[in-house]
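Trainee: give me coordinates for this.
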Amino acid sequence: MKHLTKKEYIGILNDRRVIRNVEDIKPFLVILCNGHKCSTTILAKKLGYKGQAAMNAWIKGIAIRAGLEKRKLRDGNGERYYTIFFKQKLEVDGLGKMQWILLPNLRDALTELVMEGFFLNE
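Mentor: Residues are numbered from 1 along each chain as shown. Got it, this is the predicted structure:
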């Protein structure tokens, strides 16, 4: 399945039915400021969430409010909501932590909106 365009991501990020408040956008911004990638476990800690399951629930909520369906995993074994926004890979430290990496068009959309000061009023 084809990834969303930068313009489509900007539309999602601008939609107040999808991104309702700062808590909805904060995980994206933390990942952006963390070199465009972050372990879901570390991300959850930084945001004060209870763990990786909370991160999966967050991204599922964003996707459902945006009217998006799960996408197939790269290996074809299942579908997930996070694949709409991120690539995922196992960290090389061997601790079994999964890392979410912003897809390029989403990274570019977030960067553009940050540079325009879009999230300052949140």
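Trainee: what's the nearest residue to residue 113 if we skip its chain neighbours?
Mentor: In space, and not counting its chain neighbours, residue 113 is closest to residue 13: 6.0 Å by C-beta to C-beta, 6 or more residues apart in numbering. C-beta here means a position set from N, CA and C on the backbone, and glycine is covered the same way.
Trainee: so where is this structure shaky, pLDDT-wise?
Mentor: Residues of the chain meeting the criterion pLDDT under 70: 1, 74-76, 91-96, 119-122.
Trainee: residue ranges of the strands in it, please?
Mentor: 37-39, 71-72, 79-80, 86-90, 98-102 (DSSP state E).
Trainee: distance-wise, check residue 115 relative to residue 37.
Mentor: 20 Å (C-beta to C-beta, to the nearest Å).
Trainee: quick one: list the elements packing against the top helix by length along the chain.
Mentor: Across the chain, the longest stretch assigned as helix under DSSP state H is helix 52-65. The elements that helix 52-65 packs onto, with contact taken as 3 or more C-beta pairs under 8 Å, 6 or more residues apart in numbering; DSSP states H and E, are helix 22-33, helix 40-47.
Trainee: can you list the residues that contact the last one?
Mentor: To tie it back to what came earlier, the one meant is helix 40-47. 26-27, 30-31, 34, 38, 49-52, 54-56, 97-100 (C-beta atoms under 8 Å, 6 or more residues apart in numbering).
Trainee: give me the number of residues near residue 80?
Mentor: Neighbour count for residue 80, taken as other C-beta atoms under 10 Å: 16.
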